[in-house]
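*Asks:* take this sequence and fold it.
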Amino acid sequence: MGKKKNDSSMVGKAVTVAETALTLYTLQDVAKQKDFKMGNKLIWTPIVTFGKFVGPAAYYMFGRKSK
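*Replies:* Below you'll find the predicted structure:
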């Protein structure tokens, strides 16, 4: 039984690391952007920061202007 608990905590840690990496990468992109489809840096920064996976996904779908 102990092994199952350890496996789930490793998965949880992996998800947390992936979420943090995605958030940091997206925040870096928000900082570099000059033009947005919708909104601005003041709007997208908290959405990306506190939106877990949904915030960065929303930014790439609705905020980021194609290069």
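
*Asks:* distance of the most centrally placed residue in the chain relative to Gly55?
*Replies:* By CA atoms, centre = their mean, the chain has its centre lying nearest to Thr23, at 3.2 Å. Per CB to CB, to the nearest Å, Thr23 is found 7 Å from Gly55. C-beta: built from backbone N, CA, C; applies to glycine.

*Asks:* anything in contact with each of those two?
*Replies:* 48-49 (CB atoms under 8 Å, 6 or more residues apart in numbering).

*Asks:* quick check: mean pLDDT of stretch 22-40?
*Replies:* Stretch 22-40 comes out with an average pLDDT of 97.

*Asks:* chain center to that stretch: distance?
*Replies:* 11 Å (CA atoms, centre = their mean, to the nearest Å).

*Asks:* over to stretch 33-43?
*Replies:* So, by CA atoms, centre = their mean, the centroid of stretch 33-43 is 16 Å from its chain's centroid.

*Asks:* what residues sit buried inside stretch 29-41?
*Replies:* Buried residues in stretch 29-41, counted by 16 or more other CB atoms under 10 Å: 29-30, 33, 36.
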